[in-house]
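Chemist: the following block contains a protein sequence and its predicted model.
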Amino acid sequence: MTEPEQAGSERVNGGLKMMSRATYVREALLKNLFLLCAIVAVAAVALIFVFTIARGWEVVKDPGLAAFLGGAEWSSTLGRFGILPLVAGTLAITLGSLVLGAPLAIGTAIFLSEIASPRMRSIVRPAVEMLAGVPSVVYGFFGLVILRPIVAEITGGMGFGTLTASVILAVMIVPTIATLTEDALGSVPSGIREASYAMGATTWQTIYKVLLPAAKIGIIDATILGMGRAIGETMAVVMVAGNAPQFFKGLGAPIATLTSQIVIDMSYATGTHKTALFGLAIILFLISMGLVALVRALSRLNEKKA
Amino acid sequence: MTTTPVTAQTDSTEGVAKFSVRGLDFYYGDFHALTGITIDVAENAVTAFIGPSGCGKSTFLRCLNRMNDLIPGTRIEGRITLDGADIYGPGVDPVDLRRRVGMIFQQPNPFPMSIYDNVAFGPRLHGVKKKEELDGIVEQALVRANLWKEVKDIMGRGGLTLSGGQQQRLCIARVLAVQPDVLLMDEPCSAIDPTSVQKVEDLMAELKSSVTIIIVTHNMQQAARVSDETAFFLQERQGEPAELIEFARTAEIFTSPHDRRTEDYITGRFG
């Protein structure tokens, strides 16, 4: 059977049309275009990473690795660049935000996944997602103007410090943890939910005896990613933390973090000081890589179990 | 373990019927799924619900332990009594009802926890805490479910590591651990292998002396093998509610059905 030859498809081979040259070229071009996109994205990360390491690795020479990682004082005027107070500050604020934010977020996710009516869900879910879209400077501003005076009332002092920063960060990490926890609960097979109700379990018993254990790893994942968000957040923290690189002296005392110190110092740092700031960036890189690796390891564990 | 009776209005007129259903209509939102169901389910016997797909037999089964309550927009009319007590009566706690009326699903659905914890789940809900007491209940339930020999040395292993047939018997053990009066089985054998089907059927014969069993099945041979009485459901036309066409002793349904539609179905003319 021979088909009448059409314009544009000049070659006919055993009745099957050959791919036209134009199609071939377009397909190849698109394929390469997408490849290019991927390469640019990866290259950007790699470039930042390499640049940061190139500028920061000299902390091992000056101030020296021990003085940098083990130093208990960060003071540019004295030329001391020990990161321990900043690590402690980051830990305090991250922990504070998780203690306040994780239960709130997990509770929200349980409400959305197990309790809310479809109508209620259609109102609450976009509201939670919107929290993720608010620029961090707005959170910081809110914290500065509304929250700080309240905290000052409670703790005394100016209200800049761990508590204010933790509360603001807690709200900021809610969408991350809530959305991922809701996904984790949603992926629990519905047969298990039915089995629990059919056994005479109440809604609450079904949630805490069956669903939460079944979704445990997903919820831990969600919390770790929320933690990553809290560790990396800068703008809002700078605005309310007080930015004093000192060890934790109480919930109302000023504090600085790895990220906030970079912002505070970067405009005037030179020499060793600047190198030390890049050193901080390397530490932040390593932390986020560690968290990503942890999440991936947990997901693999989860797959193996399922 | 003592079971609290389902309270609310009590009739003393019904005799040995475990479940007594009068004029039941059921709706999913605007969709009228079942109409005019009236049936008495005998105590300590196996009753089979048969009929083509979509004839509402599973829906009806799920009315008996109020699992349909969990689906928003469902509505029920008519009356269902368990031992004379109206299960939809005002103030009846569906949670308490479900403790007396256990359910086995088509797809085995053990919890993602150990074999032991799966069986201990129900007793723990009811407040059994002592280790020795739990151990006893768990062992007894597994023995009754004919699973004890296979799992007694691997009680700490995840329930999901068992084979499909073992998982289904684990689910049966999980229900038996709370000493239900009634066992509702929603096509319990359609997702497991033939050897396991045999085991589950044997199990039903053993259990019926102490538990009232209602089984929904697509498999007419199975209904003929395991049940004492059989109810045939049919939705005659698309969009119309399904009805109970005929209900009689199983031998009678399969040898001399009264209704032409029952005969057509069991001789394989449709469905």
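Modeler: Cool, the structure landed. Numbering: from 1, shown residues only, chains lettered A, B, ... in the order given.

Chemist: for the stretch 101-250 of chain B, which residues are neighbours of chain A?
Modeler: Residues of the stretch 101-250 of chain B found near chain A (Cβ under 8 Å from any Cβ of the partner chain) are B:102-103, B:105, B:107, B:109-113, B:121-122, B:124-125, B:158, B:160, B:171, B:174-175, B:178. Quick note: C-beta positions are derived from backbone N, CA and C, even for glycine.

Chemist: how about the residue most central in space within chain B, phi and psi?
Modeler: Centroid-nearest residue in chain B: B:L184, 0.7 Å away (criterion: Cα atoms, centre = their mean). B:L184 adopts backbone torsions of phi -100, psi 130, taken as degrees, to the nearest 10.

Chemist: for the spatially closest residue to it that is not a sequence neighbour, helix, strand, or coil?
Modeler: Distances taken as Cβ to Cβ, 6 or more residues apart in numbering or on different chains place B:M103 nearest to B:L184, at 4.6 Å, with adjacent residues excluded. Secondary structure of B:M103, reduced to three states by DSSP: H, G, I helix; E, B strand; the rest coil: strand.

Chemist: same check, this time on B:Q167
Modeler: helix.

Chemist: just the pLDDT for it.
Modeler: Reported pLDDT at B:Q167 in the predicted model: 95.

Chemist: next: B:M1.
Modeler: What the model reports as pLDDT for B:M1 is 40.

Chemist: distance check, A:A241 against A:G161.
Modeler: A:A241 sits 6 Å away from A:G161 when distances are taken as Cβ to Cβ, to the nearest Å.

Chemist: torsion angles phi and psi at the residue of the stretch 101-250 of chain B found nearest chain A?
Modeler: Nearest residue of the stretch 101-250 of chain B to chain A: B:N109, at 3.6 Å (Cβ to the nearest Cβ). Per-residue torsions, B:N109: phi -130, psi 60 (degrees, to the nearest 10).

Chemist: which ones are touching it?
Modeler: Contacts for B:N109 (Cβ atoms under 8 Å, 6 or more residues apart in numbering or on different chains) come out as A:P189, A:G191, A:I192, A:E194, A:A195, B:C171.

Chemist: repeat that for A:T181.
Modeler: Residues near A:T181 by Cβ under 8 Å, 6+ apart: A:A105, A:I106, A:A109, A:I110, A:A215, A:G218, A:I219, A:A222.

Chemist: go again using 7 Å as the cut-off
Modeler: Shown in contact with A:T181 (Cβ atoms under 7 Å, 6 or more residues apart in numbering or on different chains): A:A105, A:I106, A:A109, A:G218, A:I219, A:A222.

Chemist: how many other residues sit next to the first one?
Modeler: Taking other Cβ atoms under 10 Å in any protein chain shown as the neighbour definition, A:A105 ends up with a count of 29.

Chemist: which of the residues in the host helix or strand of it are buried?
Modeler: Per DSSP states H and E, A:A105 falls inside helix A:84-110. Under the neighbour-count criterion of 16 or more other Cβ atoms under 10 Å in any protein chain shown, helix A:84-110 has A:84-90, A:92-94, A:96-98, A:100-102, A:105-106, A:108-110 buried.

Chemist: list just the nearest of the contacts of A:T181 to chain B.
Modeler: A:G218 (12.0 Å).

Chemist: could you check how far the residue nearest to that closest one when sequence neighbours are not counted is from A:A127?
Modeler: Leaving aside its chain neighbours, A:G218 sits nearest to A:A184 (2.6 Å; criterion: Cβ to Cβ, 6+ apart). As for A:A184, its distance to A:A127 is 20 Å (criterion: Cβ to Cβ).

Chemist: those two - which one has more neighbours?
Modeler: Ranked by neighbour count (other Cβ under 10 Å), A:A184 and A:A127 place A:A184 first, with 24 against 10.

Chemist: for the residue in the stretch 1-150 of chain A that chain B sits nearest to, grab phi and psi.
Modeler: Relative to chain B, the nearest point of the stretch 1-150 of chain A is A:S117 (7.1 Å; Cβ to the nearest Cβ). Dihedral pair for A:S117: phi -70, psi 160, per degrees, to the nearest 10.

Chemist: what separates it from A:V128, distance-wise?
Modeler: Using Cβ to Cβ, A:S117 is found at 16 Å from A:V128.

Chemist: these two: which is more packed in?
Modeler: Between A:S117 and A:V128, counted using other Cβ under 10 Å, the more crowded position is A:V128 (18 against 9).

Chemist: where does the more buried one sit: helix, strand or coil?
Modeler: When classified by three-state DSSP, A:V128 comes out as helix.

Chemist: just give the number of residues close to A:R80.
Modeler: So A:R80, with other Cβ under 10 Å, has 15 neighbours.

Chemist: that one bridge partners, please.
Modeler: With DSSP bridges as the criterion, A:R80 is bridged to A:S75.

Chemist: next: B:I213.
Modeler: B:V46, B:L183.

Chemist: tell me, how many residues neighbour it?
Modeler: 24.

Chemist: so it sits right up against B:L183, yeah?
Modeler: Yes: counting by Cβ atoms under 7 Å, B:I213 touches B:L183, with 4.9 Å between them.

Chemist: quick one, helices of chain A?
Modeler: Counting by DSSP state H, chain A has helices at residues A:21-56, A:65-70, A:84-110, A:118-133, A:136-142, A:148-155, A:162-186, A:190-198, A:203-205, A:212-214, A:216-232, A:235-240, A:258-265, A:271-305.

Chemist: angle of the longest one against helix A:271-305?
Modeler: Helix A:21-56 runs at 130 degrees relative to helix A:271-305, counting by axes from the mean of the first three to the mean of the last three Cα atoms, to 10 degrees.

Chemist: which strands or helices does helix A:21-56 pack on?
Modeler: helix A:271-305 (3 or more Cβ pairs under 7 Å, 6 or more residues apart in numbering or on different chains; DSSP states H and E).

Chemist: list the buried residues for the helix it packs on?
Modeler: Buried, per 16+ other Cβ under 10 Å, within helix A:271-305: A:272-285, A:287, A:291, A:294-295, A:298, A:302.

Chemist: and the strands in the stretch 151-271 of chain B, which stretches?
Modeler: All strands of the stretch 151-271 of chain B, identified by DSSP state E, counting those that start in this stretch, fall at B:182-186, B:212-216, B:229-234, B:243-249.

Chemist: these: which one's closest to A:A44?
Modeler: Each of these has some distance to A:A44 by Cβ to Cβ; the shortest is strand B:182-186, at 54.9 Å.
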